[in-house]
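**Q** give me coordinates for this.
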Amino acid sequence: MLNTSRWNGFRRSAAMASGMVLIVSSSVAMAGPTLDHIRQTGKIVIGHRESSVPFSYMDADKHAVGYAVDLCQRLAEAVRKKLDMKSLTIEYLMVTPSNRIALVEEGKVDMECGSTTNNAERRNKVAFTVPHYITGARFMVRTDDKATDIVGLEGKRVVSTKGTTPLKAIERTNKERVLRLDLQEAPDHARAVEMVEKGESDAFVMDDVLLYGLIASRAQPEKLKVIGKFLTIEPLAIMLPKNDPEFKAIADQEMKRLIVSKEAYAIYDRWFLKPIPPRNTPLNLPMNYLLRDFWKYPTDQVPGG
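**A** The predicted structure follows:
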């Protein structure tokens, strides 16, 4: 269940420590495996998603685009400057919910720029920088479905994407509330939406911002809608290699700079309030209070879950 009191308590603690949070070191050690590899190869590898609209996805020309991709490009430029390199090539590699963590662990991806939740389980394997979005899991259903919340889905088929936190959340909620849901897994977000459209599933549970983005990209968006209260709170952040503090320091410093300078707000507006590919329609999603509050005291620290 959604623990807003815990989240708000954490934010109050961050506010008290804001003087420390916003102080950014002026020097970063030029060491660590990721930076050494980047310097030697002259490239940085950005992991992106196929259909996590508007965070990270493929446009009509099969180019990686999105809100998180734009932010990662800024982080890559910060790395180039810190290493005093004349040029730095960005190589893009598509990742999936099931392989994204392993690719970062194995050093095949330097930054995963998508819609990945920062939680305690994942922090055992990878690191995260300052969250670029805070969302929560809700449900996508067909417009003609009369369900308005999770109770209305009792006994129905609910799909989520393999390897995601909403999938684990709905599995736990299904057991705790004895909802008798027939839970299904899809290999990616696009397939999950297709299952709902074709009647192979009754609902798709995922971060609500992704659901709105996916609906906007469909040929007939009016046939789908989002229902229900937040099932979880999900702080989404760029994923980095674990145990590489020098590389992480550059990413954290640049994310804080982008937020404090308000550049991050302009990037947000570009992807959430203005027309975006592939249909050149806006999502019309103003920044929610959770992210606006969190960015008052930007930090890579999030509540433990």
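
**Q** check which helix or strand T173 maps to.
**A** According to DSSP states H and E, T173 maps onto helix 165-177.

**Q** so for the residue located most distally from the centre of the chain, what's the pLDDT?
**A** Farthest-out residue of the chain from its mean C-alpha position, per Cα atoms, centre = their mean: K86, at 30.6 Å. You'll see K86 listed with a pLDDT of 97.

**Q** where in the chain is pLDDT low?
**A** 1-31, 304-305 (pLDDT under 70).

**Q** in it, which spans are helices?
**A** 4-16, 18-21, 33-41, 67-82, 100-105, 120-123, 165-177, 189-197, 208-216, 245-260, 263-272, 289-294 (DSSP state H).

**Q** any chance of those helices in CSV, plus mean neighbour count and distance to G155?
**A** In this view, the C-beta of every residue, glycine as well, is placed from N, C-alpha and C. Formatted as CSV, the helices of the chain follow (neighbours: other Cβ atoms under 10 Å; distance: least, Cβ to Cβ, whole Å):
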stretch, mean neighbour count, distance to G155
helix 4-16, 13, 29
helix 18-21, 12, 46
helix 33-41, 16, 48
helix 67-82, 21, 36
helix 100-105, 19, 33
helix 120-123, 13, 30
helix 165-177, 17, 11
helix 189-197, 21, 16
helix 208-216, 25, 22
helix 245-260, 20, 44
helix 263-272, 17, 35
helix 289-294, 16, 32
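
**Q** nearest to I233, of these?
**A** Between I233 and the helices of the chain, the shortest gap by Cβ to Cβ is with helix 4-16, which sits at 5.7 Å.

**Q** look up how far F55 lies from the spatially most central residue of the chain.
**A** In the chain, the residue lying closest to the centroid (Cα atoms, centre = their mean) is S115, at 1.9 Å. Going from S115 to F55 by Cβ to Cβ, to the nearest Å gives 4 Å.

**Q** returning to what we had before: contact partners for the residue nearest to the centre of the chain?
**A** By Cβ atoms under 8 Å, 6 or more residues apart in numbering, the contact set of S115 is R49, S52, F55, S56, A68, Y133, D207, V209, L210, L236.

**Q** got the contact list for the residue farthest from the centre of the chain?
**A** Applying Cβ under 8 Å, 6+ apart, no residues qualify as near K86.

**Q** likewise for the one 4 residues further on?
**A** Neighbour list for I90: K43, I44, I46, Q73, A76 [criterion: Cβ under 8 Å, 6+ apart].

**Q** and the residue lying closest to A264 once chain neighbours are set aside, how far is that from Q220?
**A** Distance criterion Cβ to Cβ, 6 or more residues apart in numbering; nearest residue to A264, sequence neighbours excluded, is L258 at 4.1 Å. To Q220, L258 is 36 Å away according to Cβ to Cβ.

**Q** swap in A147?
**A** 20 Å.

**Q** ok, the two, which is more surrounded?
**A** A147 (18 against 9; other Cβ atoms under 10 Å).

**Q** I'd say the more buried one and V158 touch.
**A** No: A147 lies out of contact with V158 (Cβ atoms under 8 Å); the separation is 10.5 Å.

**Q** which residues are common contacts for the two?
**A** By Cβ under 8 Å, 6+ apart, the residues touching both A147 and V158 are F139, D202, A203.

**Q** can I get these in a markdown table including neighbour count and distance to V104?
**A** Shown next, in a markdown table, are those (neighbours: other Cβ atoms under 10 Å; distance: Cβ to Cβ, whole Å):
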| residue | neighbour count | distance to V104 |
| --- | --- | --- |
| F139 | 29 | 29 |
| D202 | 22 | 34 |
| A203 | 28 | 30 |
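
**Q** max pairwise distance over the contacts of I90: which two?
**A** So, these by Cβ to Cβ: farthest apart are K43 and Q73, at 13.5 Å.

**Q** of all the helices of the chain, which lies closest to P303?
**A** Comparison of the helices of the chain against P303 by Cβ to Cβ identifies helix 4-16 as nearest, at 4.7 Å.

**Q** list the contacts for K125?
**A** Neighbours of K125 in contact, by Cβ under 8 Å, 6+ apart: I101, V104, E105, K242.
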